[in-house]
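**Student:** pasting a predicted model and its sequence here:
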Amino acid sequence: MCGSITFMISFAILKGPQSHFASMMAGDRIHFTVIYLGSMLLTLYLTFTAGGAKGYVLVLGASALQLLVLLWYLVAFLPGGATGMKVWTQALWTLLKPLMIGCAKCQAMCIGRCVSWYASRFTFAES
């Protein structure tokens, strides 16, 4: 949440606080503003009221919504935002693709061993 506030304050400093606030309240951006502020308040509310594993998942969901709305802001309202996001995601995919493939192979190996272990126990139990 602090990162989200810092993100918005940085734009307010660059554009001027009044100009930035006025642009957030413009007709084409009011949806963003309402969803963004709502997701921030929802994250805070869930952080302080929801407990346990269920609360953890709810806070993660609200935080993910907050992140998605910020990405929407970057893509939709900043000049070059869509192009920058495309370059960023392509670079990220290039970096993470080998890691994801390695994780998928490891997971497949673990699942295969678990299944064969279970099958061998099941077969011996019948004999």
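**Tutor:** Happy to help now that I have it.

**Student:** how about the helices of the chain, start to end?
**Tutor:** 2-15, 17-24, 30-49, 52-77, 81-126 (DSSP state H).

**Student:** for D28, grab the count of nearby residues.
**Tutor:** 9 (other C-beta atoms under 10 Å). In short, each C-beta sits where N, CA and C put it, glycine included.

**Student:** and the lowest-mean-pLDDT helix or strand in the chain, which residues are buried?
**Tutor:** Lowest by mean pLDDT, DSSP states H and E among the helices and strands of the chain is helix 2-15, with a mean of 81. Using 16 or more other C-beta atoms under 10 Å as the test for burial, helix 2-15 gives 4, 8, 11-12.

**Student:** now swap in stretch 84-101 and tell me
**Tutor:** So, applying 16+ other C-beta under 10 Å, stretch 84-101 has no buried residues.

**Student:** what's the offset of it from the middle of its chain?
**Tutor:** 15 Å (C-alpha atoms, centre = their mean, to the nearest Å).

**Student:** so what touches it?
**Tutor:** 71, 74-75, 78 (C-beta atoms under 8 Å, 6 or more residues apart in numbering).

**Student:** using PyMOL, define a selection of the buried residues within those.
**Tutor:** Applying 16+ other C-beta under 10 Å to the contacts of stretch 84-101 leaves a buried subset, and the PyMOL line that selects it is:
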select buried, resi 74
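
**Student:** nearest to A104 among the buried residues of helix 2-15?
**Tutor:** Of all the buried residues of helix 2-15, A104 sits closest to S4, with 32.1 Å by C-beta to C-beta.

**Student:** from what I can see that closest one touches L68, true?
**Tutor:** No - the pair S4 / L68 is not scored as a contact, 11.6 Å apart, by C-beta atoms under 8 Å.

**Student:** need the contact list for the closest residue to M8 other than its chain neighbours.
**Tutor:** Closest residue in space to M8, ignoring its immediate chain neighbours: H20 at 7.7 Å, by C-beta to C-beta, 6 or more residues apart in numbering. Contact analysis of H20 by C-beta under 8 Å, 6+ apart lists 8, 11-12, 14.
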